[in-house]
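K.L.:
Predicted model and sequence below, questions to follow.
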Amino acid sequence: MHVVFGMAADGGAHPAHPGTGSGAVGGAVVGPAGLLDLLAGQLGLSGPPVAPVVRIAAWQAKLEAAAAVGPRFYSASLVADALSTARLLLSWRDDLTEAGWVPVDTGTAGPRLADLAAAELTPPPLPRCRSDLLREVISRLAGGARSELATFETIEDLDLLPPPWQALARALSDSGVAVSRRPSTTPTAGDGDLARLQRFLGGGGIGSLVGDGSLTLLESRTAIMAAEAVADWVAHDPGRGRGTVFVVPSGDTGLLDGAFARRGLPALGASPRSTHRGALQLLPLAFSVAWAPLDPQKLLELLLLPTPPIDRWAARLLAGALSREPGVGGPAWADAWSAIEAGVAERDGGAAGKAILAEWRAWMEVGAHGRSSGMPAAAAAAISDRVRRWALATDGGARDPLLLCAVGAADALSGAFGALGRSPVTATQVEGLIDIAVAEGLPDPAHVAEEGGARVVTRPGAVWGEAARIVWWGFSGTEGQTRQPWTEAETAALAGAGCEVETAARMRRRAAAHWEQPVLAARGALVLVTPSLDRGAEVTSHPLAHRMAPMLRGPSRAAISADAEALLADARVRLAGREVIRRAHSKVDLPAARATWALPASLADAVQGRAETASSIQDLLECQFRWVLRHVARLRAGRAHAIPARDRLIGNVAHALAEAVLPVGRVPDPDEVRRAAVAGLDAVVDAIAAPLRLSGSSGELAFARARIPDSLATLAALLADRGMAVVGMEVERASAAGAPPIRSRIDLLVRDRQGGEAVIDLKWTSSRTWRRTELEEGRAIQLATYGHLVAPAGGAPAGYYLLRQRELLAEAGSALAREGLRVARTLDATWEAMETDWGKLTRLARSGRGLATGVPGVAEHLPADLGFPPGERVCAFCDMGHVCRVRAGG
């Protein structure tokens, strides 16, 4: 077997095989991981891999056991952050093991090596990793075992390989394998710019560059424009990119592929590994919702996953309830579960339905464990196992990469809990283990390469053979680690014990050689793409750019530089040896805002006979076209379920408590109301406003605890002083008589001693100014509507009770007022003006005309003498601005 080996060849290389044609039998190009898999299989050393999180947890347990015997150099760090300490020290241990470390006393080198040896020797044995496997392979070869390799070629010089891989090469050679360094790529023939640069990197002199297209430094202000330029360049290739190698260190060709698709070019299909892909989010979210206090946002995210852990229709019901009342146990949550139970009973019924509901309820057992006190390890393992079962069941044998990755992460996490050997486990420990379990993530399974002749590698050192053209996408930044944690004394002690630690100098030399490989491999053209900004961050120069700097000065740099933005201005641009031709698109103006709209007959007919609410009338009076869209056409802006803001949550709590402590009938004593509100507040918060329990809301919750009971007690005192009794909270009223017909829900309906009813609208608001101004200016549309609903003949007294300010606002002369407000228009007069305007504006709609009152020029189309002329900020809080186009131009 013919093997080509390179330290950067894992994950794809160019060429992809050691043969000269389109394929090779009995040949492979591999990196460290690929070579170990190959040799382990041939030597009988293969075994199931152990997840990193399991090894880290096991190593943490060994470190803690060793530290319990006596103080260690890592003891303080272990107390401060055990998992991070274990993760770092395990990487040290694995590097040492790979280099041939044996955990024995290293003399006077200091305590660190001795302490690591003590941890290594503490039972039980650590699950093996690649480092252990490498030493086993070397040992097996040294013991006379034979692999199936006949030829072993290295891409790097043998002396640039890390010492353990040099040892493996020697062991292969001693076992009869022909080991050699692959011949280096020679500079391009001729005297072009690329050939001159290649000779310079090979030790030649500095030559001037003339801009012959063989070497191009493509600069752009943004990565997006760089992708457009590269795509144009490829599109003007008769071979459509065939024979071009793309070096993409980020592993992400998303921008390039988007630009390629717009030109009909095949996608390169590389995507970076990410932990944020749908199915991989289930594991962290399943644990996030288990902690108390519950974070409803996390529960909402769990329910809104592309594939939630319960059926999507049920998840949407619960998500809707959560967005209205963020908590579990409130009326909305209970109603959602009732609907789910009914749906499951209708669909499945019997024992099957009960089993489904039991599984779904298990997913929704939230907020059960304190973050600091932790959860039993068995409970943590049960959550992991639930995620695993869900992923397997959802996959159904289809072998979906994301779901299988979720299965692996859940399995690994369960194993980590066992390896850690402790119970309970705190939230910090669990979250750290989850981060490691899903750390590798997964590329986007939907982003795949399309058939074409281009090839992508993610590491410059993976280019080991000639390529017609090379595009280095993202020629910027730095790569690799060039430091070791060991002191000179420790390094010497290790070397004396047969453990040769790689020097930083060799690491830097190998990295430099890798950077030069794509430059030396290019035959026809080399394009180095350097955007100034990538994802909004400023880009730094690549180390190889500094190496090439003597060649890229003054006129030489100008000769090979190309500006991607030039493609936006010029129809013909010379780029990397090709003439790129672009066609100017004609400019199209966006639709202009319109004040008047012709309504279709079906919409105009729908106006007749419809019932209004206080909110719909307010929309009509502010903007007739908004009313048509929202309430007649029932058009809604798309929205995602969201947790309400804190002030809204506190208002919801105050409303719910008011309903609980102000029963129908006689108003209780204010002190009794206060005590009942204090006693019930926490339960209401948990049921419908759980976000107030989170640490960032502690100030708001403390204020609510103090203010809401006092405010409700003050309201009770105000009602008692006026001799009023409670008729009901959230009272539904409808009025079919007159015009318009109305239906609305009244916050608080009360009755005085004479039997007259009055309306109180409860508001939690940061300022009294807006509501006070509404009343004073005669624009309190909600109150006027509620008053008319309760007493159509004359209008019942109505007022705002401002919960935060503990103040009742009502007009002078009202049965609710103590010191009434002087108003420009009474509520009765306000209703009359509303009724008149309603008639005028709905007649316009029935005639097929819509008026967008926020658009300039609408005044000439409005009916005369409106009681509610449009305000200056009519569009400020409207979500229909892109329909009338007031926000879309014009």
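P.N.:
Sure thing, it's come through.
K.L.:
list the buried ones in stretch 528-538?
P.N.:
Of the residues in stretch 528-538, 528, 529, 530, 531, 534 count as buried by neighbour count, 16 or more other C-beta atoms under 10 Å. Any C-beta I mention is one placed from the backbone N, CA and C, and that applies to glycine too.
K.L.:
Kindly report the same for stretch 27-38.
P.N.:
Applying 16+ other C-beta under 10 Å to stretch 27-38 flags 28, 29, 30, 31, 32, 34, 35, 36, 37, 38 as buried.
K.L.:
Strands - which of these land there?
P.N.:
Of the positions in the buried residues of stretch 27-38, 28, 29, 30 sit in strands, assigned by DSSP state E.
K.L.:
what about the protein, any weak spots by pLDDT?
P.N.:
105-108, 478-482, 638-640, 736-738, 888-890 (pLDDT under 70).
K.L.:
counting residues per helix, which one in it is longest?
P.N.:
When the chain is parsed with DSSP state H, its longest helix is helix 698-721.
K.L.:
Alpha carbons of it, as PDB, please.
P.N.:
The C-alpha trace of helix 698-721 is given here as PDB (Å, rounded to 0.1, in the frame of the first residue of the first chain):
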ATOM      1  CA  SER A 698     -34.100  41.000  40.900                       C
ATOM      2  CA  GLY A 699     -34.600  44.700  41.200                       C
ATOM      3  CA  GLU A 700     -37.900  44.700  39.300                       C
ATOM      4  CA  LEU A 701     -39.200  41.800  41.300                       C
ATOM      5  CA  ALA A 702     -38.300  43.500  44.600                       C
ATOM      6  CA  PHE A 703     -40.100  46.600  43.400                       C
ATOM      7  CA  ALA A 704     -43.100  44.600  42.400                       C
ATOM      8  CA  ARG A 705     -43.200  42.800  45.700                       C
ATOM      9  CA  ALA A 706     -43.300  46.100  47.500                       C
ATOM     10  CA  ARG A 707     -45.500  48.100  45.100                       C
ATOM     11  CA  ILE A 708     -48.200  45.700  43.900                       C
ATOM     12  CA  PRO A 709     -49.700  44.800  47.300                       C
ATOM     13  CA  ASP A 710     -49.600  48.500  48.400                       C
ATOM     14  CA  SER A 711     -51.200  49.500  45.100                       C
ATOM     15  CA  LEU A 712     -54.000  47.000  45.400                       C
ATOM     16  CA  ALA A 713     -54.600  48.000  49.000                       C
ATOM     17  CA  THR A 714     -54.800  51.600  47.900                       C
ATOM     18  CA  LEU A 715     -57.300  50.700  45.200                       C
ATOM     19  CA  ALA A 716     -59.400  48.800  47.800                       C
ATOM     20  CA  ALA A 717     -59.400  51.800  50.100                       C
ATOM     21  CA  LEU A 718     -60.400  54.100  47.200                       C
ATOM     22  CA  LEU A 719     -63.300  51.900  46.300                       C
ATOM     23  CA  ALA A 720     -64.400  51.500  49.900                       C
ATOM     24  CA  ASP A 721     -64.400  55.300  50.400                       C
END
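K.L.:
right, and the helix or strand after that helix?
P.N.:
strand 725-735 (DSSP states H and E).
K.L.:
Can you mark which positions in that next one are buried?
P.N.:
Neighbour-count burial for strand 725-735 flags 726, 727, 728, 729, 731, 733, 735 (criterion: 16+ other C-beta under 10 Å).
K.L.:
Just grab the bridge partners of the third one for me.
P.N.:
Bridge pairing for residue 728 (DSSP bridges) gives the partners residue 749.
K.L.:
In this structure it contacts residue 751, no?
P.N.:
No: Residue 728 is beyond contact range of residue 751, at 9.9 Å (criterion: C-beta atoms under 8 Å).
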